[in-house]
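Novice: what would the 3D arrangement of this be:
(one chain, ligands or ions: 1)
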Amino acid sequence: MFATVEKQRNGIVLINIDNEETKIVFTNYGARIVSWKYDDNSIVLGNIVEADEFYEPNPFFFGATVGRYGGRIANATFELDGKTYHLEHNDGAHNIHGGTNGLDSRFFDYQIEEQVGQIKIIFTTQIKSTDDYFPGDIELKVIHTYDMDHKWTIEYEATTTEKTLFNPMNHVYFNLNRDNNMIDNHYISSNKLAMYPLGEDNIVNSTDTIDLSTIFNSNKIQFKELFTSENPKIKQQMDMFNGVDHPFEVENGEMAVENKRFVLQVKTDMPNIVIFTFNDTSSWDSDFNIYKAHSGFTLETQCIPNDINLYGDKAPSIITPDQPYYSKTSYKIFEKADI
Ligand code: G6D
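Specialist: Got it, this is the predicted structure:
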């Protein structure tokens, strides 16, 4: 297992990790994952040619670290300790993914540590309150670790100067199909699959979840079954959003996604996983946009978007200067014959 560093134009650095049958690439731009391959199968969407032009601003956030706040905050406003904060309206009336100066579009500093059985890339940056209009300046480390067992782990470590909201995540799109054909054939599974319904403009405005395991009488559900379900609650949501774009609560933060050949296991200490099945791919006018609806899915491990407007001062995304922030998520890929 070894790492090589490749400097591209425009300040982009690619860090390639080779672990025999799997290869994974990260970049300093947005501390993002660029590609992940199992033999010659690309299991994530994005920069297949690994060209820097790919990262011109686009609305899809491929593989990026997203924050300081992942997901939408309704009406781009929230109250904390009696003070009202007004954020940038970068998604209609709402704020999405922390605004246009978010973590996805900045160059991180980095350090690579090759250890026994694993390689770590420690990315660092700061977010100032003046960058995104949230209170508090944040010092952040995003640590990507890749290990011999083909497991990619992301750790976030942060401190803030003031009480604020912090809800980072990674926006990688997976697709386990050999030709990256539609993900409808993939199954999601967990001992609990509770889906939070969305209201207008994809905003989470209710904590009354839809229990998919009960509706389907199974803990393993194919995306296609969800997309075509005649259950009125599910159908209403699928008709509104052309697929899944919903926060889930899963058992112990553990779930799996599989197709015929591969299983992807996810484990997180975050309370929710937002699954987004890439429902509208039309908003990026570029030759790089080769994507059809449902050509990938995300597993965004985070606190439920808009938590501050749902739970007020009990919102899990609130952090304070006296308590450093830490969270950890791992994604592990298996070929089925290996299990
Ligand atoms: C997030 O949930 C959102 C989607 O609605 C959005 O389109 C995407 O990011 C870019 O996953």
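Novice: pick out the residue of the protein closest to the ligand.
Specialist: Using Cβ to the nearest ligand atom, residue 276 is the residue of the chain that sits closest to the ligand, at 3.7 Å. C-beta: built from backbone N, CA, C; applies to glycine.
Novice: what bits of the stretch 151-300 of the chain have low per-residue confidence?
Specialist: Counting by pLDDT under 70, the stretch 151-300 of the chain contains no low-confidence range.
Novice: find the nearest non-adjacent residue to residue 105, please.
Specialist: Nearest non-adjacent residue to residue 105, counting by Cβ to Cβ, 6 or more residues apart in numbering: residue 30, 6.4 Å away.
Novice: now do the strands in the stretch 201-339 of the chain.
Specialist: Counting by DSSP state E, counting those that start in this stretch, the stretch 201-339 of the chain has strands at residues 210-211, 220-222, 245-250, 254-258, 262-268, 272-276, 297-302, 318-319, 325-335.
Novice: show me what the second one is packed up against.
Specialist: Okay, so that is strand 220-222. Packing partners of strand 220-222 (3 or more Cβ pairs under 8 Å, 6 or more residues apart in numbering; DSSP states H and E): strand 187-189.
Novice: what does the strand it packs on contact?
Specialist: Strand 187-189 has contacts (Cβ atoms under 8 Å, 6 or more residues apart in numbering) with 219-223, 255-259, 275.
Novice: most packed of the strands of the stretch 201-339 of the chain?
Specialist: Ranked by mean neighbour count, these are led by strand 297-302 with a mean of 25 (mean count of other Cβ atoms under 10 Å).
Novice: between that strand and strand 325-335, how many degrees?
Specialist: Computed by axes from the mean of the first three to the mean of the last three Cα atoms, to 10 degrees, the angle separating strand 297-302 from strand 325-335 equals 150 degrees.
Novice: begin at 24, not 1, for the rest of this chat.
Specialist: Taking 24 as the first residue, the last one we looked at is strand 320-325.
Novice: for strand 320-325, packing partners?
Specialist: Applying 3+ Cβ pairs under 8 Å, 6+ apart, one finds that strand 320-325 makes contact with strand 192-193, strand 196-197, strand 277-281, strand 285-291, strand 295-299, strand 348-358.
Novice: pretty sure residue 178 contacts residue 353?
Specialist: No. Assessed by Cβ atoms under 8 Å, residue 178 is found out of contact with residue 353, at 9.3 Å.
Novice: what residues are up against the closest residue to residue 205 other than its chain neighbours?
Specialist: Nearest residue to residue 205, sequence neighbours excluded (Cβ to Cβ, 6+ apart): residue 317, at 4.7 Å. Residues in contact with residue 317 (Cβ under 8 Å, 6+ apart) are 205-207, 246, 250, 266, 300-302.
Novice: okay, those residues in a markdown table with neighbour count next?
Specialist: Shown next, in a markdown table, are the contacts of residue 317 (neighbours: other Cβ atoms under 10 Å):
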| residue | neighbour count |
| --- | --- |
| 205 | 19 |
| 206 | 25 |
| 207 | 16 |
| 246 | 21 |
| 250 | 19 |
| 266 | 22 |
| 300 | 25 |
| 301 | 23 |
| 302 | 16 |
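Novice: quick check: residue 358 vs residue 196, distance?
Specialist: In this structure, residue 358 and residue 196 are 20 Å apart, going by Cβ to Cβ, to the nearest Å.
Novice: do the same with residue 151
Specialist: From residue 151 over to residue 196 (counting by Cβ to Cβ), the distance is 29 Å.
Novice: over to residue 259?
Specialist: The value you get for residue 259 to residue 196, if Cβ to Cβ is used, is 25 Å.
Novice: neighbour-wise, which of the two wins?
Specialist: A count of neighbours by other Cβ atoms under 10 Å puts residue 196 above the other of residue 259 and residue 196, at 24 against 12.
Novice: tell me how many other residues crowd residue 70.
Specialist: By other Cβ under 10 Å, 22 other residues sit near residue 70.
Novice: may I have the residues that are in contact with it?
Specialist: If a contact means Cβ under 8 Å, 6+ apart, then residue 70 has 57-58, 77-78, 85-86 as its contacts.
Novice: three-state assignment of it?
Specialist: Under DSSP: H, G, I helix; E, B strand; the rest coil, residue 70 falls in the coil class.
Novice: mind checking pLDDT for it?
Specialist: For residue 70, the pLDDT comes out at 72.
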